[in-house]
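[1] here's my sequence, what's the structure:
(2 chains)
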Amino acid sequence: MADLRSDFVGIKSPNPFWLASAPPTDKEYNVRRAYEAGWGGVVWKTLGIDPHVVNVNGPRYGAIYGADRRLLGLNNIELITDRPLEVNLQEIKAVKRDYPDHAMIVSLMVPCEEEPWKFILPQVEDTGADGVELNFGCPHGMSERGMGAAVGQVPEYIEMVTRWVKAATRMPVIVKLTPNITDIRQPAEAAMRGGADAVSLINTINSITSVDLDLFAPEPTIDGKGAHGGYCGPAVKPIALNMVAEIARDPALSRMPISGIGGVTTWRDAAEFLALGAGNVQVCTAAMTYGFKVVQEMISGLSEYMDEKGMTSVDELVRRAVPNVTDWNQLNLNYIAKAKINQDLCISCGRCFAACEDTSHQAIAMSEDRTFSVIDEECVACNLCVNVCPVENCITMEAMTPGTTDPRTGKVVQTEYANWTTHPNNPAAAAAE
Amino acid sequence: MSQKVFEPGIAAGRLDADAYAAQFSDLHPPLDVHEALVAADRCYFCHDAPCITACPTDIDIPLFIRQIATGTPDAAAKTILSQNILGGMCARVCPTEQLCEQACVREIAEGKPVKIGELQRFATDHLQQQGKHPFVRADVTGKRVAVVGAGPAGLSCAHRLAMLGHDVVVHDARPKPGGLNEYGIATYKTPDGFAQAEVDWLLQIGGITMKNGSSLGADITLDALRNDYDAVFLAIGLGGVNALGTEGEDKVGVRDAVDFIADLRQADDVAAVPIGRDVVVIGGGMTAIDAAVQAKLLGAMNVTLVYRRGRDRMNASVFEQDLAASKGVRIITHAEPIAVIGNGAVREIEFEYVDDNLVGSGQMLRLAADQVFKAIGQTLQGDALPALEGRKIRVDGTGRTSVQSVWAGGDCASGGDDLTVTAVAEGRDAALDIHMVLVG
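    Okay, the predicted model is just below:
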C-alpha cells in the first residue's frame, strides 16, 4: 500500500484527505469520529467573534439529483459556527491534544479590521492547532455583513487581511478563495502578496438550486422566500478543477501551494485535483451525503492507483498533469481523429445518430437493420457521439496516422505540430520568415 | 395447511380462508413513485426506438417514459392512450417479454430490459385512478356505427369512432362488456375489478351506447345492422371451443378451460370456486397456463399441464411457462390424450407419447385426474358472416371484409396474433378506415 502521508505547508497528516470547513467539522463529537474514520485532517468550521451568529430554522440545503436521487449538487445557506467562541476553542484544544498526528486547521472569519484578527489569532494558536484558513469565500449571509466573499471579491482586501494575519501568528495561513469572481488568479496573487502560505479553493458558488413551481419561490424556501446559497458537490468539480489549474500553471503563482476543494467524491476526483496541482484535497459534500466512512474508499483507491503507477509518495502525483494544461491556441491543429464505433459493443440505441444528425455534423449513418457507422468524410471528431453513447468504450476517437489522407478535407495528415498561432487563417499569424 | 387439500374429487375451500387473497393478488404489484423514476431513468430514449416498432399499437415508449421521469405521468398516460385506449389492460396482460421489452436495447445489452409494461401501468393507473379522461369528442358527424363485441377490438374501435364524432352502439352477448378482458384472463393479472373500471373510464368519451346480452345470430343479424347503421365492425372473438375428440370426453369433471377461467373471474368469492385435487390441463397456450396456474392457486394438490408438442412450440411465452413452473405446475410435453377414464366422473386420463410430428410412440402415460381442463384452441362461431380465410373472417390491412360497409378485427379476423394489444390496434385502425369512408 502506497504511503499516503501528506505534508502540506508543513502541516502533516496521515493522508491528503481533509474535511473542509463546514457542518461536519462543527464540533468535537464529529471531528473525533472523523479522525477515527480515517480523515487525515479537518478544517474546523469557521469561527467568528461573539456574539455568535444565528442560523435559519427552516431548510438550509437544496439539492440537484441524478438517477435514483443520487445527489449531484448541494446548495447551502448555513452561516459560520453558531456556537460561542470559547466552546469551540476548548473543543479544538481537546481534540488536537488527543490526535497530535492529524491535521487541525481552524477556519476564521471576523470583521475586516485588524483588531478582531489580533484578538482571535492568539486564542486559536493556544489550542495547538496546526494552521488557520481565512474564509474569504462564503457567498451568502456573511457577505452581506462585509465578510466572507465580500472580502474575497476584492484582491486588495485579501492582501491586507492576509498581511495582518501573518503578522499576528506563527501558524501557516491558508487563504480560501471564492469562485464568484471572473479571474481566480487575481485573488490568488493578492493572497500571495499578503504572505499567504497557501490558497484553498473553491468555496461555494452563488446558486439557486430550483424553484418551487407551486409557491413560485426559490429553494430552499424559508416561509415563502429564498435567498441564494453556495453550490457544491460533484456538479462543481469541473469548475473547481479549472480554477485550480489556472493557479497551478500561472508562472507567477506556481509556487503557491493549493488545497483543492470542490466536488471531491471519490479517490479519482482527489487524484485529478492532485494531478492538476493541488497538494491535498478538502471534502465536504461527499461526507455529508455518505458519512465519514467514505474516506476509506478514497484512501484505498488512491493507494491502489499510486501502487499501479509506481508512485511512492503523494508528491509524485501532485502537478503531474499541469504541464499538459495549455491554451487553445497551443493545441495541435494537425492532429486528426475519427470516431470509430465498435459494432460488437454497439446496442443499436441510435443516440449517437440522433446527436450527430440533429445537432452536429451528420457524420453517422444508420442502416435499415439499425447498424450505425461513422462517415469519415463528415466526421470532425467532435466527441459528442462518445459523450452520449451509453456503452463505455463502444465509440472511440482514433487518431489518423500521419501520411494518410483525411477523407473530410482531402489533405494528408501531417506529422508536424502546428497550432493556431501559425495557421494561415489567423490574421495575426506570425510571418513564416 | 388445511386438511381439505387432500380431499379427492372436486371441492371448494381447499385452502385456509385467508390464503386466497394472497394467492390471487396482483402478479406484479404496481411500481411506487420512486421505483417508477428509477425504472424510467434506465430508458436510453433511443432514436427510432426498436420498442416502438415491436409494439403492435406503436406507442411512443421513449416519450412516455421520459414524461414519467420528468414527473408528468398523466402526460405519459395520454401518450400511451392516444395509441392504445386499453393501455391499462395491455400493461397488465401484454407478453412484453416477446414485444417491447424483447426489443429493448438494454435487453440486448444486459438481459435486463427497461420495465416498459410496469411503467405503462404506472402512468395509466395514475391517470385513470383520478377518473380523468384525456380525450374529447369531435363535433358529431351524424353517422352511426354498430360494433359487435365489447372485447378489446370492439372497445378500441368504438372509442376511436366516438372520438371522431360518430355515434356508436356496441352489442355484446355477455352480461358485462370487456370480452376476454372481463372473462378470459387470469384473475391475478387484473384483480380488483380493473376490467370493468377501464370500460367505465373508456365510455367517458361519450357517444357510445352499450347493449349487453345482445348476441349476433340470436338477437341481431348482420343484415339488419347493415340496414340500420352506416358501418358495422365485427369483433366477435372466438366463441367456440375445440373438442378433444377423445373417448370419454363427456365425463363429469371434464370442461373447457375458458369456462373455468370465466367462472373464477366472475366469482364473488374465489374460495367458493371448486377445484379438483388432481387437475390435468390439456393445451399449450396462454389459456392453458392461466387455467393451470389458477387451479394450483385454488389449492389443487397436483396440477399437470400436458401439451402434445415440445415446449418451443407452445404458444404460451417462456415467462408464462416459468410462472406456471414456479407455482408448482408440472409441464409434460409430447403427449396426446387417448382416453378419459372413469365411471361417470373422470378418474384418470391416458396419454400416448408422440414425436415432433405427432406420430404415436406406443408408450402410454396415465395421470390421476378428478378434473380435466381443455385448452386446445377456440374457434369462430356464427353463420352469415363475411367470407372466411381459413377459420377466420378475411380482412385486409384496415379491417375491411368481403361485405360492403362491414369491417372486422380482433381474434375473429384473419391476420395478427391473438393478443389483446393486437386486437386494440386492429380496432383502432378499422375505426380510422371507417371514418375515412364515412366522412372522406
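
[2] element containing B:Gln321?
    With elements delineated by DSSP states H and E, B:Gln321 resides in helix B:318-326, which encompasses its position.

[3] mean confidence for that helix?
    Per-residue pLDDT values across helix B:318-326 average out to 94.

[4] now do the buried residues in it.
    Applying a neighbour-count criterion of 16 or more other C-beta atoms under 10 Å in any protein chain shown, one finds B:320-321, B:323-324 buried in helix B:318-326. C-beta: built from backbone N, CA, C; applies to glycine.

[5] over to stretch A:305-325?
    Going by 16+ other C-beta under 10 Å, stretch A:305-325 has these buried residues: A:305-306, A:311, A:314, A:317-319, A:321, A:325.

[6] between those, which is nearest A:Pro155?
    Nearest to A:Pro155 among these, counting by C-beta to C-beta, is A:Val325 at 23.0 Å.

[7] C-alpha coordinates for the helix holding B:Gln321, CSV please?
    Only the C-alpha atoms of helix B:318-326 are listed here, as CSV (Å, rounded to 0.1, in the frame of the first residue of the first chain):
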residue,chain,number,x,y,z
VAL,B,318,-41.4,-18.6,-21.7
PHE,B,319,-42.3,-16.2,-19.0
GLU,B,320,-45.7,-17.8,-18.7
GLN,B,321,-44.2,-21.3,-18.7
ASP,B,322,-41.8,-20.3,-16.0
LEU,B,323,-44.6,-18.7,-14.0
ALA,B,324,-46.5,-22.0,-14.1
ALA,B,325,-43.5,-23.9,-13.1
SER,B,326,-42.8,-21.6,-10.2
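
[8] just list what that helix packs against, helices and strands only.
    Taking 3 or more C-beta pairs under 8 Å, 6 or more residues apart in numbering or on different chains; DSSP states H and E as contact, the helices and strands that helix B:318-326 lies on are helix B:286-297, strand B:330-332.

[9] now with 6 Å?
    helix B:286-297 (3 or more C-beta pairs under 6 Å, 6 or more residues apart in numbering or on different chains; DSSP states H and E).

[10] elements contacting the helix or strand hosting A:Phe119?
    Using DSSP H and E, A:Phe119 sits within helix A:114-125. Judged by 3+ C-beta pairs under 6 Å, 6+ apart, the packing partners of helix A:114-125 are helix A:155-168.

[11] again, only using 7 Å
    Packing contacts for helix A:114-125, counted by 3 or more C-beta pairs under 7 Å, 6 or more residues apart in numbering or on different chains; DSSP states H and E, involve strand A:103-108, helix A:155-168.

[12] okay, A:Ala431: pLDDT?
    Each residue has a pLDDT score; the one for A:Ala431 is 59.

[13] just checking, A:Cys352 touches A:Cys385?
    Yes - at 3.8 Å, A:Cys352 and A:Cys385 qualify as touching, with contact defined as C-beta atoms under 7 Å.

[14] overlap of the contact sets of the two?
    Both A:Cys352 and A:Cys385 are in contact with A:364, A:395, where contact means C-beta atoms under 7 Å, 6 or more residues apart in numbering or on different chains.

[15] burial of the residue of chain A found nearest chain B, as a residue count?
    With distances taken as C-beta to the nearest C-beta, chain A approaches chain B most closely at A:Gly350, which sits 3.1 Å away. For A:Gly350, the number of neighbouring residues by other C-beta atoms under 10 Å in any protein chain shown comes to 22.

[16] OK, contacts around it?
    Contacts of A:Gly350 (C-beta under 7 Å, 6+ apart): A:366, A:370, A:372, B:46-48.

[17] between these, which has the most around it?
    B:Cys46 (25 neighbours).

[18] related to what we said a few turns ago, residues in contact with the helix holding B:Gln321?
    Contact with helix B:318-326 is made by B:95, B:97, B:286, B:289, B:292-293, B:305, B:311, B:314, B:331, as judged by C-beta under 7 Å, 6+ apart.

[19] name the nearest residue to the residue in chain B sticking out farthest from the centre, ignoring sequence neighbours.
    Among the C-alpha atoms of chain B, the one farthest from their average position, using C-alpha atoms, centre = their mean, is that of B:Gly362, at 36.7 Å. Counting by C-beta to C-beta, 6 or more residues apart in numbering or on different chains, B:Gly362 lies nearest to B:Glu352, which is 7.2 Å off, once chain neighbours are set aside.

[20] format the contacts of A:Gly350 as TSV; extra columns: secondary structure, distance to B:Leu81 and pLDDT.
    Written out in TSV, the entries for the contacts of A:Gly350 read as follows (DSSP: H, G, I helix; E, B strand; the rest coil; distance: C-beta to C-beta, whole Å; pLDDT from 0 to 100):
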residue	secondary structure	distance to B:Leu81	pLDDT
A:Met366	strand	30	98
A:Arg370	coil	28	96
A:Phe372	strand	32	98
B:Cys46	coil	22	96
B:His47	coil	24	96
B:Asp48	coil	22	95
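
[21] so which of the helices and strands packed on helix A:114-125 gets nearest B:Ala91?
    Using C-beta to C-beta as the criterion, the shortest distance between B:Ala91 and these is 55.0 Å, found for strand A:103-108.

[22] picking that back up, can I get the CA coordinates of the helix holding A:Phe119 in CSV?
    Presented in CSV, the C-alpha positions along helix A:114-125 are these (Å, rounded to 0.1, in the frame of the first residue of the first chain):
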residue,chain,number,x,y,z
GLU,A,114,-7.1,44.4,12.2
GLU,A,115,-8.2,44.3,15.8
PRO,A,116,-10.5,41.3,15.7
TRP,A,117,-7.8,39.3,13.9
LYS,A,118,-5.3,40.2,16.6
PHE,A,119,-7.9,39.2,19.2
ILE,A,120,-8.8,35.8,17.8
LEU,A,121,-5.5,34.5,16.4
PRO,A,122,-3.6,34.1,19.7
GLN,A,123,-6.5,32.2,21.1
VAL,A,124,-6.5,29.8,18.2
GLU,A,125,-2.8,29.4,18.4
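
[23] quick check: which of the helices and strands packed on helix A:114-125 is nearest to B:Val140?
    Shortest distance between B:Val140 and the helices and strands packed on helix A:114-125, using C-beta to C-beta, is found for strand A:103-108: 74.3 Å.

[24] how much does that closest one deviate in direction from helix A:155-168?
    Strand A:103-108 and helix A:155-168 are oriented at 130 degrees to each other (axes from the mean of the first three to the mean of the last three C-alpha atoms, to 10 degrees).

[25] if we can go back for a sec, what's the closest of the buried residues of stretch A:305-325 to B:Lys374?
    Using C-beta to C-beta as the measure, the one of the buried residues of stretch A:305-325 that approaches B:Lys374 most closely is A:Tyr305, at 67.3 Å.

[26] counting contacts, what elements does the lowest-mean-pLDDT helix or strand in chain A pack onto?
    Across the helices and strands of chain A, mean pLDDT, DSSP states H and E gives its lowest value to helix A:149-152, namely a mean of 90. Helix A:149-152 makes packing contacts with helix A:155-168 when contacts are defined by 3+ C-beta pairs under 7 Å, 6+ apart.

[27] can you do 10 Å?
    Identification of packing neighbours for helix A:149-152 by 3 or more C-beta pairs under 10 Å, 6 or more residues apart in numbering or on different chains; DSSP states H and E yields strand A:131-135, helix A:155-168, strand A:173-176, helix A:185-194.
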